[in-house]
Each structure stands twice: as structure tokens, then as C-alpha cells.
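Visitor: compute the structure for the input listed below.
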Amino acid sequence: MRRTAPLALVGALAVSAALAVGGCEDTVDQRGFAATPGSVEKLEVGAQSREDVVRLIGSPSAVATFNPNIWYYISETQVYWAYTKPRIVDQKVMQVTFNDSGRIEAIKNYGLKDAQDIQMVQRITPTSGKELTVLEQILGNVGRFSGPKKETAPGAPTSGGI
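Guide: As a prediction, this is how the structure comes out:
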């Protein structure tokens, strides 16, 4: 009498493991500006106004802080697997500059190769006062509170002005 039950169990485990590993693939996440095909190619320098640009490709992702005549359309493609940190595989920034009359003056395109890493400043803003430990904070208020205040002379009841 042959024992086929352990072989069937091993086979079932192998098939389920293969399916589990096969289901793990990278997730591609597209974020930001997504133009309809052919809409960006319709933009012409000197020909369209701000309203025309909004009608053709939509409102900008961002407007320059100190110059409202510069609009940015930003898109990014990220890839990640399960719970790993996403990595940026593609980034596109289209800068549309308008002249004083509101017509397109220039269109510039930037990619991932044009990006620069910016180092964050690790400074701490000083505050006035004393830094207390947790124990000092807990014990610091012991004995500072009194019960509700009682009025000594509440005054005579009024009859409502009559």
C-alpha cells in the first residue's frame, strides 16, 4: 500500500507557493499631470492665451511663487513592490511662460535627469522657557489647583426688574 497523501500535500504546497510568488509584481503608480494625446503638441508660442492653455491641457500643477506668469505641469511615475519604498522611474515637468499680454512666451520641458537633490536644513528654532522632564511636568502641578471658588455674598435675589 503506497502512501500518496504526503506527495499530494507537498504538491499542493509547491503549487500555492508558486502562485503566491507569481502574484508579486511591481506596482506602477502614475501621479500628477496626464495630458490627453496630442494636446500638448497643439500649444504654440505666441499664439495661445492662458484661457486657451487651460482649455487645451487643463489647469497647472503649480504656479511660480514670485511670478504668476510661469505655470508648471508636473507628472511622475513611481514603481514599488508590496511595502517597499517607492522609487521614481520617470518625472516630467513642463514649464509654460506667459508674457505680459497673457500669450505663451516659452515652453520648456525638464526630465528626471534635470532633477536635483535638495538637502534639508537640520536646525532647531530656539524657544524661551525651561525644558522640563516628564517627571517635572507631572509633579509640577501637584498642589497648584484649588477647589471651585465659593461666592461669599451672592447678593439678594432679584424679582426681574418689577
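Visitor: how many neighbours does Leu48 have?
Guide: Not quite, residue 48 is Gln, not Leu. 19 (other CB atoms under 10 Å). All C-beta atoms are positioned from the backbone trio N, CA, C, and that covers glycine.
Visitor: now do it, the pLDDT please.
Guide: pLDDT, Gln48: 92.
Visitor: show me what contacts it?
Guide: For Gln48, the contact set (CB atoms under 8 Å, 6 or more residues apart in numbering) comprises Leu56, Arg103, Ile104.
Visitor: repeat that for 6 Å
Guide: Contact partners of Gln48, counting by CB atoms under 6 Å, 6 or more residues apart in numbering, are Ile104.
Visitor: give me the low-pLDDT residue ranges for this structure?
Guide: 1-5, 7-12, 14-23, 145, 151-162 (pLDDT under 70).
Visitor: could you pull out the strands for it?
Guide: Listed in chain order, the strands of the chain (DSSP state E) span 27-32, 62-63, 70-80, 87-98, 104-110.
Visitor: out of those strands, which is closest to Lys149?
Guide: Lys149 lies closest to strand 62-63 among these, at 55.6 Å (CB to CB).
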